[in-house]
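[1] Give me coordinates for this.
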Amino acid sequence: MKRAFIPMTLAAVMSAGFALYSLSASATLKPGDEAPPFTAQASLGGKTYTYSLTEQLKKGPVVLYFYPAAFTKGCTIEAHEFADAVDEYKKYGATVIGVSHDNIDTLTKFSVSECRSKFPVAADADSKVIPAYDAGMPLHNSMANRVSYVIAPDGKIIYEYTSLSPEKHVENTLKALKDWADTHK
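    Down below sits the predicted model:
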């Protein structure tokens with residue numbers, strides 16, 4: 001009887017864990033929500049500066065994406081895809097910024113090698129940006145989940161996509177940006 005009880009308990013714990021993960025993974029900000037303004041140390045092409053979302057939105061829409069850690073396989077794939085698509089984003093007047101919990105020294109290297117000096121990456125050193133966007137990894141909230149937002153110049157979120165797989169973030173944010181641009185000429 002104990003053998004039957006232990007697997008059921010394990011199954012119940014696993015089920016509860018998946019339910020908790022599902023709730024946490026879907027807690028991101030939604031279209032129509034106000035994007036929390038932030039400033040952070042960022043690096044573009046190996047040069048460090050202070051990034052301001054408020055200032056960047058004055059120039060056009062912003063694609064803000066969160067990623068778990070620089071130089072990991074999925075994050076490298078995603079950085080390459082965003083770098084390859086920067087010119088497409090520019091066609092819609094948009095800019096891209098990536099945010100992670102990595103320190104600025106790591107991101108300075110990442111900005112050159114993996115982002116190919118095409119877009120900035122920001123360090124959430126004080127763990128304020130990731131939680132403000134509900135973009136934390138379930139059960140490890142200071143580390144970013146893989147979440148992408150498209151933010152209109154008025155500061156409203158127009159699109160959100162969450163998936164640990166890096167494959168659809170660029171495709172989906174470009175489509176959302178194009179759809180928005182078609183109605184905001």
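[2] show me where the protein has helices.
    Here the chain has its helices, by DSSP state H, at 2-25, 53-57, 73-91, 104-113, 129-132, 169-183.
[3] what about dumping the CA coordinates of the second one to PDB?
    Spelled out, that is helix 53-57. Only the C-alpha atoms of helix 53-57 are listed here, as PDB (Å, rounded to 0.1, in the frame of the first residue of the first chain):
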ATOM      1  CA  LEU A  53      12.600  53.400 -21.700                       C
ATOM      2  CA  THR A  54      10.700  56.800 -21.500                       C
ATOM      3  CA  GLU A  55      13.300  58.500 -23.700                       C
ATOM      4  CA  GLN A  56      13.400  55.600 -26.200                       C
ATOM      5  CA  LEU A  57       9.600  55.700 -26.500                       C
END
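[4] Now do that helix: everything it contacts.
    Applying CB atoms under 8 Å, 6 or more residues apart in numbering, the contact partners of helix 53-57 are 35, 37-39, 62, 64, 95, 97, 151-155. Glycine gets a C-beta too; all of them are placed from N, C-alpha and C.
[5] from those residues, which would you call buried?
    35, 38, 62, 64, 95, 97, 151-152 (16 or more other CB atoms under 10 Å).
[6] and which of these is nearest to Val129?
    For those, the closest approach to Val129 (CB to CB) belongs to Phe38, at 4.9 Å.
[7] Per-residue pLDDT of the closest one, please?
    Confidence at Phe38, expressed as pLDDT, is 97.
[8] Now do the same contact list for it.
    52-53, 128-129, 132.
[9] again, only using 7 Å
    Phe38 is in contact with 53, 128-129, 132, counting by CB atoms under 7 Å, 6 or more residues apart in numbering.
[10] Among the residues you listed, which one has the most neighbours?
    Greatest neighbour count in the contacts of Phe38, by other CB atoms under 10 Å, goes to Val129: 23 neighbours.
[11] Correct me if wrong: it contacts Thr39.
    No. Val129 lies out of contact with Thr39 (CB atoms under 7 Å); the separation is 9.2 Å.
[12] ok, back up a step: farthest-separated two in the buried ones among the contacts of helix 53-57?
    It's Phe38 and Ala152 that sit farthest apart of these, by CB to CB, at 16.4 Å.
[13] what would the contacts of Phe38 look like in CSV with distance to Thr28 and pLDDT?
    Formatted as CSV, the contacts of Phe38 follow (distance: CB to CB, whole Å; pLDDT from 0 to 100):
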residue, distance to Thr28, pLDDT
Leu53, 16, 98
Lys128, 16, 95
Val129, 13, 97
Ala132, 11, 96
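[14] which one of those residues sits closest to Ala144?
    For the contacts of Phe38, the nearest to Ala144 is Val129 (8.8 Å; CB to CB).
[15] For that closest one, give me its contacts.
    For Val129, the contacting residues are 38, 40, 99, by CB under 7 Å, 6+ apart.
[16] Sweet, I'm off.
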